[in-house]
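1. the following block contains a protein sequence and its predicted model.
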Amino acid sequence: MSSDAGGWDGRVRRARHLAAKNDSAAALLEFYAVVLTCQGDLARSIRAGLPARPTGSLEDDLSIVCRAAPAFVGAVVARAPETLAAEGRRLLDASERLLGDALLRWWGAPSDREFFPKAILQPYARSLADAGVTPADRTLPRTNNRCPFCGGSPQLAILDPVTASAVETGGRRLLCATCLGTWPFRRVLCARCGEEDEHKLAYFRSPAFDHLRVDACDTCRHYLKTVDLTRLGVAVPLVDEVAGAPLDVWAREHGYEKIELNLLGL
């Protein structure tokens, strides 16, 4: 299962590029670049500690993740807003056992409102995906609107140029909020409730973000953002989705709830 383009370093470069040209979202993107840089370092530390063939059990790998996590948390705390920094300091003051308990709880029952567990376990889950090892202790549903690899919720959708292999889905993929992998998903279908009546599915764009759109469902009143690579092939979905934060504001003002908040809580 592939991830979005660029890997950690490519995401950092894209975030810095967008920050330099987007005054309104510059601070948000600069902080996201810091987070992505730290996640890349964390991913390398976790991979160095894992065996060549991981078991796929977070409980087995917990000591490796917990040893690598404090450097990540400390680096983020140094640049984070005070509320998030205070949360990070509490984690740094906690014992390794308490940190491990928090990670295990999130792994089994993920929340998009817990920054540090999600930010720490994204690189771990991505490391498992890169190794081709399915999580052995994450018993989340594997329905068609959940990641077939780890059971995570969709963070966003991607539209690719339609090829012969993607005709059935119209070139649409969903990107997992946990392992950052992607999987094909029908184009005219709500990624939360499965609504397929096109009259109940709405799509909204803004001239300011020509390659982004809001995909909203009037049945369940949820939405996610789509990154259209046919309009901007150099986009890096995970980063461009964050840069389109004003679209999230618009969606909330119109009564829609996001399927999964991104790492920055938008």
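-> Here it is on my side, so go on. Residues are numbered from 1 along each chain as shown.
2. just the strands in the stretch 51-200 of the chain please.
-> Applying DSSP state E, counting those that start in this stretch to the stretch 51-200 of the chain gives strands spanning 154-159, 172-176, 182-184.
3. pLDDT of the longest helix anywhere in the chain, averaged?
-> Using DSSP state H to define each element, the chain has its longest helix at helix 26-49. Here helix 26-49 scores 97 as its mean pLDDT.
4. stretch 148-155 now?
-> Mean predicted confidence for stretch 148-155 is 96.
5. can you list the neighbours in contact with the longest helix of the chain?
-> 7-9, 11-12, 15-16, 18-20, 22, 61, 64-65, 67-69, 71-72, 75-76, 79-81, 119-120, 122-124, 126-127, 130, 239, 242-243, 245, 263-264 (CB atoms under 8 Å, 6 or more residues apart in numbering). For the C-beta atoms, the positions are set from N, CA and C on the backbone; glycine is no exception.
6. how close does Arg142 sit to Gln155?
-> 17 Å (CB to CB, to the nearest Å).
7. so which of these two has more stuff around it?
-> Neighbour count, other CB atoms under 10 Å: between Arg142 and Gln155, Gln155 has more, with 27 against 11.
8. grab the nearest non-local neighbour of that one.
-> Among residues not flanking Gln155 along the chain, Ala177 sits closest, at 3.9 Å (CB to CB, 6 or more residues apart in numbering).
9. rewinding a little: mind listing what's buried in the longest helix of the chain?
-> Within helix 26-49, the residues scored as buried using 16 or more other CB atoms under 10 Å are 28-29, 31-43, 45-47.
10. quick check, pLDDT for the residue of the chain most remote from its centre.
-> Relative to the C-alpha centroid of the chain, counting by CA atoms, centre = their mean, His199 is the outermost residue, at 28.7 Å. What the model reports for His199 is a pLDDT of 97.
11. with the one 4 residues further on instead?
-> Per-residue pLDDT puts Tyr203 at 95.
12. now it, what's its secondary structure?
-> strand (DSSP: H, G, I helix; E, B strand; the rest coil).
13. if we can go back for a sec, dump the C-alpha coordinates for the longest helix of the chain into CSV.
-> Provided in CSV are the C-alpha atoms of helix 26-49 (Å, rounded to 0.1, in the frame of the first residue of the first chain):
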residue,chain,number,x,y,z
ALA,A,26,2.6,30.8,7.2
ALA,A,27,2.7,30.3,10.9
LEU,A,28,0.6,27.1,10.7
LEU,A,29,2.7,25.7,7.9
GLU,A,30,6.0,26.6,9.5
PHE,A,31,4.9,24.7,12.7
TYR,A,32,3.8,21.8,10.6
ALA,A,33,7.2,21.7,8.9
VAL,A,34,8.7,21.4,12.4
VAL,A,35,6.4,18.6,13.3
LEU,A,36,7.1,16.8,10.0
THR,A,37,10.9,17.2,10.5
CYS,A,38,10.6,15.7,14.0
GLN,A,39,8.4,12.9,12.7
GLY,A,40,11.0,12.1,10.1
ASP,A,41,13.7,11.9,12.8
LEU,A,42,11.4,9.7,14.9
ALA,A,43,10.7,7.4,12.0
ARG,A,44,14.4,6.9,11.5
SER,A,45,14.9,6.2,15.2
ILE,A,46,12.1,3.7,15.3
ARG,A,47,13.2,1.9,12.2
ALA,A,48,16.8,1.6,13.6
GLY,A,49,15.4,-0.1,16.7
